[in-house]
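# Structure for this input, please:
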Amino acid sequence: MIDTDEMYVIVRNDEEQYSIWRSGRPVPAGWEPVGEPASREDCLARIGELWTDMRPASLRAAMSASAEEQRTQHSG
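Numbering: from 1, shown residues only. Modelled structure (predicted):
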């Protein structure tokens, strides 16, 4: 059996940024657990798969809105 002190959980905030948090500890305010507890290495590998764009969600949304605005200005 694996000691739960060595298990981690992936956490994500409202900006869709990821981190790991030691399993069994309360998740900090503003973060939510993603998936089941796993080893540190497994959690980091999974974050590598999930977090493909390091920009915060608000920045991605602003850049997308700006790009869309530029497209509509140039097409009209």
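
# List of residues touching the longest strand along the chain?
Using DSSP state E to assign secondary structure, the strand with the most residues in the chain is strand 31-39. Residues outside strand 31-39 that contact it (CB atoms under 8 Å, 6 or more residues apart in numbering): 2, 4, 6-13, 18-19, 21, 23, 27, 46, 50. From N, CA and C alone the C-beta is placed, and that goes for glycine too.

# what's the following helix or strand after that strand?
helix 40-50 (DSSP states H and E).

# Next, the buried residues of that following helix.
Neighbour counts over helix 40-50 (16 or more other CB atoms under 10 Å) mark Asp42, Cys43, Arg46, Ile47 as buried.

# and the residues you listed as CSV, adding pLDDT?
Formatted as CSV, these follow (pLDDT from 0 to 100):
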residue, pLDDT
Asp42, 98
Cys43, 98
Arg46, 97
Ile47, 97
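
# just the strands in the chain please.
7-13, 18-22, 31-39.

# Output the lowest mean pLDDT helix or strand found in this protein.
Counting by mean pLDDT, DSSP states H and E, the chain has its least confident helix or strand at helix 57-75, which shows a mean of 82.

# hmm, back to that, please identify the most buried of the strands of the chain.
strand 7-13 (a mean of 19; mean count of other CB atoms under 10 Å).

# In its sheet, which strands sit next to it, and in what direction?
Within its sheet, strand 7-13 is paired with strand 18-22 (antiparallel), strand 31-39 (antiparallel), according to DSSP bridges.

# what does that strand rub up against?
Contacts of strand 7-13 (CB under 8 Å, 6+ apart): 18-24, 27-28, 30-40, 43, 46-47, 50.

# If we use 7 Å, what do you get?
18-23, 27, 30-35, 37-40, 43, 46-47 (CB atoms under 7 Å, 6 or more residues apart in numbering).

# what's the spatially closest residue to Leu50 that is not a sequence neighbour in contact with, if anything?
Residue nearest to Leu50 in three dimensions, not counting chain neighbours: Tyr18, with 6.2 Å by CB to CB, 6 or more residues apart in numbering. Tyr18 sits next to Ile10, Arg12, Ile47, Leu50, Trp51 when contact means CB under 7 Å, 6+ apart.
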